[in-house]
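In: no letters, just coordinates:
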């Protein structure tokens, strides 16, 4: 009888070790997957932009538009980028035409507009959709807690900002109407 109890305890122990190891492995795997670094997107010039190259940098992702009342934020975004890019900070712009058709141009037109009107030097990506049925997978990730592991959100308007920490994890969602140089954003960059 003692021999049977002993075998049962060993089997139970092995079973529990396997279960906990499996849970731990899947949690670790999902944490690895919950970063922005897994994405590759097209930049505004048609080249592949690999987000994994941004490991160790704080990232601001912002959906942009050329014909919006908030379009002058480009200037503040560029100033913020110039001031903090040497401190492992980057801004990435994603033109989108989701709000009142305020970004109707082609990638070439958008690039020219940004350069000639605001001197934009931070990386601009190819025009995408940030909401709706054809939402880009990156924005699925940014807006769904089930994918990013942190927060559910919706893109409310042009120039909504997503702050991603140096590990590639979403930390904050900033309203489109908050200026890029707001003290809360600057403090986040410096922290």
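Out: It's in. On a predicted model such as this, the values are computed, not experimentally measured, just so you know.
In: where exactly do the strands run in this protein?
Out: 40-42, 48-50, 58-64, 89-95, 161-164, 170-174 (DSSP state E).
In: any chance of those strands in CSV, with mean pLDDT too?
Out: Shown next, in CSV, are these (pLDDT from 0 to 100):
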stretch, mean pLDDT
strand 40-42, 97
strand 48-50, 98
strand 58-64, 98
strand 89-95, 98
strand 161-164, 98
strand 170-174, 97
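In: could you export those strands as TSV, including distance to residue 73?
Out: Just so you know, the C-beta spots here come from the backbone N, C-alpha and C atoms, and that holds for glycine as well. Listed next are the strands of the chain as TSV, based on distance: least, CB to CB, whole Å:
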stretch	distance to residue 73
strand 40-42	21
strand 48-50	21
strand 58-64	8
strand 89-95	10
strand 161-164	9
strand 170-174	11
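In: okay if I get those strands as JSON lines plus mean neighbour count?
Out: Formatted as JSON lines, the strands of the chain follow (neighbours: other CB atoms under 10 Å):
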{"stretch": "strand 40-42", "mean neighbour count": "14"}
{"stretch": "strand 48-50", "mean neighbour count": "13"}
{"stretch": "strand 58-64", "mean neighbour count": "24"}
{"stretch": "strand 89-95", "mean neighbour count": "22"}
{"stretch": "strand 161-164", "mean neighbour count": "22"}
{"stretch": "strand 170-174", "mean neighbour count": "18"}
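In: for residue 115, find the nearest of these.
Out: strand 89-95 (12.0 Å; CB to CB).
In: which elements pack onto that closest one?
Out: strand 58-64, helix 73-84, helix 107-118 (3 or more CB pairs under 8 Å, 6 or more residues apart in numbering; DSSP states H and E).
In: which one of those is the most hemmed in?
Out: strand 58-64 (a mean of 24; mean count of other CB atoms under 10 Å).
In: counting by contacts, list what that strand packs against.
Out: Against strand 58-64 (3+ CB pairs under 8 Å, 6+ apart) you get helix 73-84, strand 89-95, helix 137-143, strand 161-164, helix 183-190.
In: rebuild those as CSV, extending it with distance to residue 35.
Out: Formatted as CSV, the helices and strands packed on strand 58-64 follow (distance: least, CB to CB, whole Å):
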stretch, distance to residue 35
helix 73-84, 21
strand 89-95, 15
helix 137-143, 9
strand 161-164, 8
helix 183-190, 18
